[in-house]
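Undergrad: show me how the following folds:
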Amino acid sequence: MALIRTSAPLVPPITLADAKAHLRVDGADEDALITSLIETATAHVERGFGLALITQGVTIIRDAWPDSWLVELPLTPVQAVASVTTFEADGGSFVFDAGHWFADTISHPPRIVLHGTAPWPKPGRRANGIEITVTAGFGDAPSDVPEPIRQALLLLVAHWFERREPVVLEDEPHEIPATISALLASYKPVRL
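TA: So this is what the prediction gives:
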């Protein structure tokens, strides 16, 4: 399974001004570094926890359907599922009618559920035969992102800002502080 971002968020989940205030940095000398740290912290949290923080378009690519009537989506929160498409071996595509499925965006993880007893349409391609296009994220503005996540991002930016030493591969890696992990713990996917 692969995730491809098709439209990027319009704003970061924390602003440069928020990060600078948290770091107590005046002036613009460190702006490029702090902006880079915001982007890196955002990517770290999104990938590590299967989250989309600010509204973005994502295509989920699968090889085959599961042997059940539902498909769990590997990203949360999902605002909407735009389309479900299968591809034939010759490159042709088939958009599965939305009347045959519905998007359960309330569940965690979000999922697509079949109506009735009709099976999922079989893709003709053995690899990357299914594309599910979604809009994901907590909302369009930084204020839409839950405050514990925003605080964790600020702490992570500060952690990396204060520790700029090079990392030697043979050394033990620097762990993320427990405070940051605790703030993000309730957003970690749980598998039963």
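Undergrad: contacts for stretch 149-164?
TA: Under the criterion CB atoms under 8 Å, 6 or more residues apart in numbering, residues 13-14, 18-19, 22-23, 30, 33-34, 37-38, 40-42, 44-45, 51, 53, 142, 174, 176-177, 179-180, 183-184, 187 lie in contact with stretch 149-164. (C-beta placed from N, C-alpha, C; glycine too.)
Undergrad: same check, this time on stretch 61-73
TA: 1-4, 60, 81, 104, 109-114, 120, 122-123, 126-132, 134.
Undergrad: can you flag the buried ones in the residues you listed?
TA: Taking 16 or more other CB atoms under 10 Å as the criterion, what is buried in these is 3, 60, 81, 104, 109-112, 114, 120, 123, 129-132, 134.
Undergrad: count the neighbours of T6 for me.
TA: Residue crowding around T6 was assessed by other CB atoms under 10 Å; the count is 13.
Undergrad: quick one: residues contacting it.
TA: Contacts of T6 were listed using CB under 8 Å, 6+ apart, and they are G57, V58, T59, T133.
Undergrad: how's the chain carved up into domains?
TA: Under the assignment automatic domain parsing, the domains of the chain span 2-53+141-165+173-187, 56-136.
Undergrad: can you list those in JSON lines and add mean pLDDT?
TA: Putting those into JSON lines (pLDDT from 0 to 100) gives the following:
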{"stretch": "domain 2-53+141-165+173-187", "mean pLDDT": "92"}
{"stretch": "domain 56-136", "mean pLDDT": "93"}
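Undergrad: distance of the closest residue to I14 other than its chain neighbours from D29?
TA: Taking CB to CB, 6 or more residues apart in numbering, and ignoring the residues beside it in sequence, I14 has L153 as its nearest neighbour in space, at 5.1 Å. When CB to CB, to the nearest Å is the yardstick, L153 and D29 sit 22 Å from each other.
Undergrad: show me which of those two is the more surrounded one.
TA: When L153 and D29 are compared for neighbours, L153 comes out ahead with 28 against 9, by other CB under 10 Å.
Undergrad: can you give me the distance of that one to D63?
TA: The spacing between L153 and D63, counted by CB to CB, is 33 Å.
Undergrad: name the single longest helix found in this protein.
TA: The longest helix of the chain (DSSP state H) is helix 31-49.
Undergrad: any idea how far that one is from the middle of the chain?
TA: 13 Å (CA atoms, centre = their mean, to the nearest Å).
Undergrad: ok, then the element right after that helix?
TA: From helix 31-49 onward toward the C-terminus, using DSSP states H and E, the following helix or strand is strand 56-62.
Undergrad: thank you kindly, that will do.
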